[in-house]
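Asks: generate coordinates for the sequence data below:
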Amino acid sequence: MAASNAQGWIVDQKMNVLVVDDQVTMLRIERSLLNQIGFPNVDIVTSGPDALKKLREKPFGLVISDWNMAPMTGLELLKQVRGDDKLKAMPFIMVTAESKSENVVAAKQAGVSQYIIKPFNAETLKKKIASVIGEF
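Replies: Predicted coordinates:
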């Protein structure tokens, strides 16, 4: 079922979700959690540059990115996404193991849609996604 959220973004659980993390285990966990809460179309990449390439090749409705990655951090990826006219409205959720307030502030200033602290479960992920794209 598709609907529009407050930002006018089309919300559809069949939408493509891109997960970016340099830890393969986390990619598997996040894909599994997304599948559990009803998002079957999940693509995964292990770096910011790969994420930008993928985002420019295929339509995605949501990006979930880890903060601590190399060579491009999640914050740098977020800034690249927000600086791209075709991608700047993309809902973007940052995931990190660090709960430092300065990181939260930096992410918000860069335009992050939502922030998740590791570890998290399917219910937390669902609530954070719903706060970004609307109820599903």
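Asks: so the most centrally placed residue in the chain, which state does it fall into?
Replies: Among the residues of the chain, the one closest to the centroid is Ile64, at 1.8 Å (CA atoms, centre = their mean). Following DSSP: H, G, I helix; E, B strand; the rest coil, we place Ile64 in the strand state.
Asks: so what's it up against?
Replies: Neighbour list for Ile64: Val17, Leu18, Val19, Val20, Glu30, Leu34, Ile93, Val95, Ile116 [criterion: CB atoms under 8 Å, 6 or more residues apart in numbering]. C-betas here are computed from N, CA, C, even on glycine.
Asks: do Val104 as well
Replies: The contact partners of Val104, by CB under 8 Å, 6+ apart, come to Tyr115.
Asks: ok, now how distant is it from Leu27?
Replies: Distance, Val104 to Leu27, by CB to CB, to the nearest Å: 23 Å.
Asks: now Leu27: which helix or strand?
Replies: Leu27 belongs to helix 24-36 when assigned by DSSP states H and E.
Asks: what residues of that helix count as buried?
Replies: Of all the residues in helix 24-36, those buried under the rule 16 or more other CB atoms under 10 Å are Met26, Leu27, Ile29, Glu30, Arg31, Leu33, Leu34.
Asks: so which elements touch it?
Replies: Judged by 3 or more CB pairs under 8 Å, 6 or more residues apart in numbering; DSSP states H and E, helix 24-36 is in contact with strand 17-20, strand 42-45, strand 62-66, helix 122-133.
Asks: make a markdown table out of the ones you listed and add mean pLDDT and distance to Gln109.
Replies: Output for the helices and strands packed on helix 24-36, formatted as a markdown table (pLDDT from 0 to 100; distance: least, CB to CB, whole Å):
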| stretch | mean pLDDT | distance to Gln109 |
| --- | --- | --- |
| strand 17-20 | 98 | 20 |
| strand 42-45 | 98 | 25 |
| strand 62-66 | 97 | 16 |
| helix 122-133 | 95 | 17 |
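Asks: now render the ones you listed as JSON lines, adding distance to Leu75.
Replies: Conversion of these to JSON lines gives the following (distance: least, CB to CB, whole Å):
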{"stretch": "strand 17-20", "distance to Leu75": "12"}
{"stretch": "strand 42-45", "distance to Leu75": "17"}
{"stretch": "strand 62-66", "distance to Leu75": "9"}
{"stretch": "helix 122-133", "distance to Leu75": "17"}
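Asks: cheers, nothing more for now.
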